[in-house]
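Peer 1: just coords:
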Ligand SMILES: Nc1ncnc2c1ncn2[C@@H]1O[C@H](COP(=O)(O)OP(=O)(O)O)[C@@H](O)[C@H]1O
Ligand SMILES: C[C@@](O)(CCOP(=O)(O)O)CC(=O)O
Ligand SMILES: [Mg+2]
């Protein structure tokens, strides 16, 4: 079967307000981040399906003939874009050798991959031989939507390779986005991937991964917020690992146990999201005032308390809130909580020294902390050349002082060393990445020591 090779990427996300409540039909406000997951799909003639997942140290392959045995004999359609095929998931669990309640990170990623691969290609009754390689700038399992970015990339790549959706790239373009119809389809398949990884996702993360920007999300209804002020946000990763699946299930248990206590809290979170949206709209249509920022800060504090009440806080997140408040800044957890990441709102008048001191305080706690850019583009297809250039550019921006950027602006600082370590430890046969790393002491924002890295991807 002739398939189309492709390279795609999707962004991670931060939830401003509404995590967990959104699983139960309440409003969430979410923004895309400038940290992306990249996927390359290559056609091969090995009669094998290979998957390279360096972020979770997973490199696997299967014979196409073995995978074919998972297809129904009857020729009946496999999987439906609108619902998870429970029988196929059961078969795949058996095939991969995982039990029903597994939380193993690798198994979840493998199941999501096989599920989307089989469903998308089953229609042709001919499964293709291919290699899929995925790597991410996002920390996995930290609340920044890495599972959704992964699922969106899988869906976009399989749909594109199978010819179900056309390539959006024209001859001259290095990067392009799909139209609404295609994005709708990508989003639906990505949601099935999220279901496999999360159990009971709301769909907000895959929506942000697909459309990007700043979204209001409620029960599958996605509204892009076009009129919002440019917010400055610090992201902090406490580095405490946690599982979204477990935390979402924990909130459900609490709801079942104490419905009259927990339901009003989720209602209040909904009101926080709506009030925040209203405030952001006002700020965009008028000049933002200090009072607007006071409201945003109060909403952050209220929501953080609510998230603690529903049981998704963590002592490291309490520390984040206390440390930033000591510098006059307000924080809350983002994503599923229980560790992972938090966001801190920066006011326009917040002095640079305050930001730098706060970042240092948080690093002294052992956390990663960096200022991020929000509102990045949703899922994209790239030409191989574009990825190479873009990545080199991104890395230079993140690492080099010549462009006037500090390494801790816009990128998690650990990300750079993670990539160096991750890629250097790849097997020799690693097909797509080559890396050159130079350690340099660079002068930026004081005498910070940074690693300068140049990366060339995709087998150049
Ligand atoms: N780059 C990646 N490669 C492979 N699997 C990934 C990748 N990113 C995410 N995943 C999958 O998503 C899981 C993390 O999802 P989750 O617990 O929802 O955390 P989050 O979405 O906040 O990062 C990982 O355990 C893994 O199964
Ligand atoms: C807790 C939740 O609201 C967000 C989870 O995000 P993350 O997987 O922690 O990045 C769950 C969901 O909306 O599906
Ligand atoms: Mg997730």
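Peer 2: Great, that's in hand. Keep in mind it's a predicted model, so treat the numbers as computed, not measured. Ligands and ions are numbered 1, 2, ... in the order given.

Peer 1: For the stretch 301-450 of the chain, which segments count as strands?
Peer 2: Ranges of strands within the stretch 301-450 of the chain are 330-333, 341-346, 368-372, 380-382, 433-440, 450-457, based on DSSP state E, counting those that start in this stretch.

Peer 1: any idea where the helices of the chain begin and end?
Peer 2: For the chain, helices defined by DSSP state H occupy the ranges 64-68, 86-96, 105-122, 146-161, 180-198, 204-211, 244-257, 259-285, 290-309, 315-325, 352-364, 384-399, 413-424.

Peer 1: List just the one of those helices that sits closest to ligand 2.
Peer 2: helix 244-257 (3.6 Å; CB to the nearest ligand atom). In this view, the C-beta of every residue, glycine as well, is placed from N, C-alpha and C.

Peer 1: now that closest one against helix 105-122, angle please.
Peer 2: Computed with axes from the mean of the first three to the mean of the last three CA atoms, to 10 degrees, the direction of helix 244-257 lies at 100 degrees from that of helix 105-122.

Peer 1: re the thing from before, could I get the helices of the chain in TSV, plus columns for mean neighbour count and mean pLDDT?
Peer 2: Listed next are the helices of the chain as TSV, based on neighbours: other CB atoms under 10 Å; pLDDT from 0 to 100:
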stretch	mean neighbour count	mean pLDDT
helix 64-68	14	95
helix 86-96	15	92
helix 105-122	22	94
helix 146-161	30	98
helix 180-198	22	97
helix 204-211	30	98
helix 244-257	17	96
helix 259-285	17	97
helix 290-309	18	98
helix 315-325	19	98
helix 352-364	16	98
helix 384-399	18	54
helix 413-424	17	36
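
Peer 1: Including distance to residue 372, could these go into TSV?
Peer 2: Below are the helices of the chain laid out as TSV (distance: least, CB to CB, whole Å):
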stretch	distance to residue 372
helix 64-68	39
helix 86-96	34
helix 105-122	24
helix 146-161	15
helix 180-198	22
helix 204-211	14
helix 244-257	20
helix 259-285	17
helix 290-309	16
helix 315-325	15
helix 352-364	12
helix 384-399	12
helix 413-424	11
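
Peer 1: Give me every residue in the stretch 51-200 of the chain lying close to ligand 1.
Peer 2: Residues of the stretch 51-200 of the chain that fall close to ligand 1, judged by CB under 6 Å from any ligand atom: 53, 55-56, 105, 108-109, 134, 136, 140-147, 150, 197-198.

Peer 1: so which of those residues are also by ligand 2?
Peer 2: Among those, the residues within reach of ligand 2 (CB under 6 Å from any ligand atom) are 143, 144, 145, 147, 198.

Peer 1: for the stretch 1-150 of the chain, what spans make up the strands?
Peer 2: Remark: strands assigned in the stretch 1-150 of the chain by DSSP E, counting those that start in this stretch are 6-17, 28-43, 48-53, 58-63, 130-136.

Peer 1: Return the residues in contact with the residue of the stretch 151-300 of the chain found nearest ligand 1.
Peer 2: Relative to ligand 1, the nearest point of the stretch 151-300 of the chain is residue 244 (3.4 Å; CB to the nearest ligand atom). Residue 244 makes contact with 141, 143, 147, 197, 198, 201, 335, 336, according to CB atoms under 8 Å, 6 or more residues apart in numbering.

Peer 1: interface residues of the stretch 251-400 of the chain facing ligand 2?
Peer 2: The interface of the stretch 251-400 of the chain toward ligand 2, taken as CB under 6 Å from any ligand atom, is made up of 335, 336.

Peer 1: before we move on, the earlier item: what's the closest of the contacts of residue 244 to ligand 3?
Peer 2: residue 147 (3.3 Å; CB to the ion).

Peer 1: Distance-wise, check that closest one relative to residue 201.
Peer 2: Residue 147 sits 8 Å away from residue 201, going by CB to CB, to the nearest Å.

Peer 1: Quickly list what's touching both of these two.
Peer 2: 194, 244.

Peer 1: Please name the nearest non-neighbouring residue to residue 8.
Peer 2: Spatial nearest neighbour of residue 8, excluding adjacent residues (CB to CB, 6 or more residues apart in numbering): residue 156 at 4.5 Å.

Peer 1: How much space separates the one you found from residue 234?
Peer 2: Counting by CB to CB, the separation of residue 156 from residue 234 is 30 Å.

Peer 1: With residue 278 instead?
Peer 2: For residue 278, the distance to residue 234 - CB to CB - is 24 Å.

Peer 1: how's the chain carved up into domains?
Peer 2: As recorded under automatic domain parsing, the domains making up the chain are 6-221, 228-372, 386-457.

Peer 1: now stretch 145-159, how far from the centre of its chain.
Peer 2: 9 Å (CA atoms, centre = their mean, to the nearest Å).

Peer 1: Can you redo the strands of the stretch 1-150 of the chain as a markdown table, where the extra columns are distance to residue 320 and mean neighbour count?
Peer 2: Listed next are the strands of the stretch 1-150 of the chain as a markdown table, based on distance: least, CB to CB, whole Å; neighbours: other CB atoms under 10 Å:
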| stretch | distance to residue 320 | mean neighbour count |
| --- | --- | --- |
| strand 6-17 | 14 | 29 |
| strand 28-43 | 18 | 24 |
| strand 48-53 | 29 | 20 |
| strand 58-63 | 31 | 15 |
| strand 130-136 | 23 | 22 |
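
Peer 1: Turn those strands into a markdown table, including mean pLDDT and distance to ligand 3.
Peer 2: Converted to a markdown table, these look like this (pLDDT from 0 to 100; distance: least, CB to the ion, whole Å):
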| stretch | mean pLDDT | distance to ligand 3 |
| --- | --- | --- |
| strand 6-17 | 98 | 9 |
| strand 28-43 | 97 | 12 |
| strand 48-53 | 97 | 15 |
| strand 58-63 | 97 | 17 |
| strand 130-136 | 97 | 12 |
